[in-house]
Structure formats: structure tokens, C-alpha cells
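**Q** Let's see this in three dimensions:
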Amino acid sequence: MIKEHHFKVEKTARYYTIGEAGLKTKYFWIVCHGYGQLAKFFIRKFDVLAADDTFVLAPEGLSKFYWEGDGKRVPVATWMTREDRLNEIEDYSNMIQGLYEQYKGRCAEDVKIILLGFSQGCATQVRWILNKMPDFDNLILWAGLFPEDLDYLPFKDYLSDKKLLFVYGKMDIYLTKERHDFHNELMEKNELKVKEKVFDGPHKVVREVLGEVAREVHS
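**A** Numbering: from 1, shown residues only. Okay, the predicted model is just below:
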């Protein structure tokens with residue numbers, strides 16, 4: 001008889017940063033890339049946030065694979081797949097939580113914590129915070145949606161004092177009207193108060209728009 005088993009192993013996680021975390025840090029950003037990306041490239045978009053009072057941390061998905069296109073095999077990462085998904089969620093939640101605790105401990109108690117997920121990174125951020133319930137101030141879902149398989153009502157009090165923002169481009173081919181409408185219904189059903197910011201652009205993080213969002217969040 002075939003039986004499935006699991007065995008915990010130690011794994012080396014990779015992440016990238018901009019700036020230094022310290023007592024002078026006012027803004028601590030944790031940003032999660034999308035499917036088929038690498039943190040070292042994703043974090044480049046956030047150079048617009050570079051300042052003495054800002055620290056940006058970009059963890060990388062623990063699973064790597066080759067993205068094949070144009071005759072090239074490019075190494076990329078993903079946060080999870082349907083296969084053994086609960087253990088993958090637990091693993092990346094533990095990884096992000098460990099980084100969060102390590103760097104938050106270097107900052108002043110009143111540091112503002114901003115979480116941003118792009119595309120698949122949105123679900124990653126949401127699953128992590130509902131798993132570990134860390135302190136944070138802002139959650140920005142960029143070109144990605146709240147996972148539809150979660151029940152948010154039990155976390156109503158936890159999320160009530162958090163600012164939630166949904167950012168997307170008008171030319172985003174993945175965000176159809178049907179998906180957008182479904183997402184709005186999901187948020188209404190779960191009593192999630194989410195602001196929206198729409199820009200003229202495709203499915204990607206646009207530096208100019210990111211700068212606008214950062215100024216709103218930092219104010």
C-alpha cells in the first residue's frame with residue numbers, strides 16, 4: 001500500500017533588501033513577488049522608496065523552476081502550487097514571519113509596517129498574516145485578489161484597524177470584469193473595507209504609481 005509521508009528539513013531561504021533596518025526607520029515594507037518571478041528583479045521596482053527612513057524587504061518563493069519561453073530557460077520562483085499546498089503555505093509563512101520578527105526587532109516600536117503583494121504575492125501576504133497575525137498598518141494588494149477559499153469574518157477585529165488597498169491597472173489582462181465583480185462580492189460578504197486605486201497600465205508594478213501609493217501610505 002502506498003502511503004504519503006512528510007519529513008521536516010532545514011532549507012535556506014533567499015531575500016533581498018533596500019536600506020537598513022534600525023531605530024531611525026519609520027517605514028518597514030515587506031513586498032512579495034508574483035508567480036514566475038525572482039525577488040532580486042522584483043525589488044528593483046522599489047528603488048523609488050529608497051530613503052534613510054525606509055527599509056524594504058523582499059522574500060523569495062521557496063520553490064524554483066525553469067520558465068521556458070523564446071527558446072530560453074529562465075530560473076524563476078513560485079510561492080505554492082496545488083500540490084501539497086498546506087505544507088507549502090506553512091513553510092513560506094514561517095519564513096516570512098521569521099524575517100518579519102528579525103527586522104522588526106531592530107526598529108523602533110512605532111515603525112509603520114506596510115505589506116505589499118503583487119499578483120500571486122497577494123495571496124501569499126494574506127495567507128501569512130491570517131496564519132501568524134503579525135502587527136502591521138497597511139496591506140496593499142497589487143494586481144491580485146484576496147484568496148476566495150478563506151473565511152475572513154473571524155479576523156474582523158484583527159483587520160478592522162488595518163488599511164487595505166487594492167491597486168490594479170485598467171489594461172490588466174488577468175483582472176476581467178467577472179473576476180473584479182466576484183472580488184467585490186467576496187469583500188462585501190466578508191465585511192472587508194478595501195480602497196481601490198486604478199491606473200492606466202498592464203499587469204505589473206509601475207514605479208510612478210508605486211511612488212504615489214508610497215506617498216499616500218507614508219503621509
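**Q** Which single helix of this structure contains the most residues?
**A** For the chain, the longest helix by residue count, based on DSSP state H, is helix 85-104.
**Q** now what about that helix, what contacts it?
**A** Residues outside helix 85-104 that contact it (CB atoms under 8 Å, 6 or more residues apart in numbering) are 6, 11, 13, 15, 21, 28, 30, 32, 55, 57, 59, 61-63, 79-81, 111, 113, 124, 127-128, 131-132, 134-135. The way it works is simple: take the backbone N, C-alpha and C, and place the C-beta from them, glycine included.
**Q** Point out the ones among these that are inside strands.
**A** Among the contacts of helix 85-104, the ones falling in strands (DSSP state E) are Tyr15, Phe28, Ile30, Cys32, Phe55, Leu57, Pro59, Ser63, Ile113.
**Q** Could I have the ChimeraX command that selects the buried members from those?
**A** Here is the ChimeraX command that selects the buried residues among the ones in strands among the contacts of helix 85-104 (16 or more other CB atoms under 10 Å):
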select :15,28,30,32,55,57,59,113
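**Q** Which single one of the ones in strands among the contacts of helix 85-104 is nearest to Glu185?
**A** Cys32 (24.8 Å; CB to CB).
**Q** so what's the closest residue to the closest one other than its chain neighbours up against?
**A** Nearest in space to Cys32, with sequence neighbours left out and distances taken as CB to CB, 6 or more residues apart in numbering, is Gly121 at 3.2 Å. Residues in contact with Gly121 (CB under 8 Å, 6+ apart) are Val31, Cys32, His33, Gly34, Trp79, Gly144.
**Q** same question, Leu165
**A** Here Leu165 is in contact with Asn138, Leu139, Ile140, Leu141, Val194, Lys195, Glu196, Lys197, Val213, Val217 (CB under 8 Å, 6+ apart).
**Q** number of nearby residues for Ser219?
**A** When neighbours are counted by other CB atoms under 10 Å, Ser219 registers 5.
**Q** Local confidence estimate at it?
**A** At Ser219, the model reports a pLDDT of 87.
**Q** Check Phe166 too.
**A** Phe166 is given a pLDDT of 96.
**Q** Please identify which helix or strand holds the residue nearest the centre of the chain.
**A** Residue closest to the average C-alpha location in the chain (CA atoms, centre = their mean): Gly117, at 2.5 Å. Gly117 belongs to strand 112-118 when assigned by DSSP states H and E.
**Q** So Val48 versus Asn94, what's the distance?
**A** 30 Å (CB to CB, to the nearest Å).
**Q** Run through the chain and note the low-pLDDT ranges.
**A** 69-71 (pLDDT under 70).
**Q** sorry, back to before: closest to Ser160 out of the ones in strands among the contacts of helix 85-104?
**A** For the ones in strands among the contacts of helix 85-104, the nearest to Ser160 is Ile113 (16.4 Å; CB to CB).
**Q** what about Ala214, neighbour count?
**A** So Ala214, with other CB under 10 Å, has 20 neighbours.
**Q** OK, contacts around it?
**A** Val48, Leu49.
**Q** what's near enough to touch Phe42?
**A** Val31, His33, Gly34, Ala58, Phe118, Val205.
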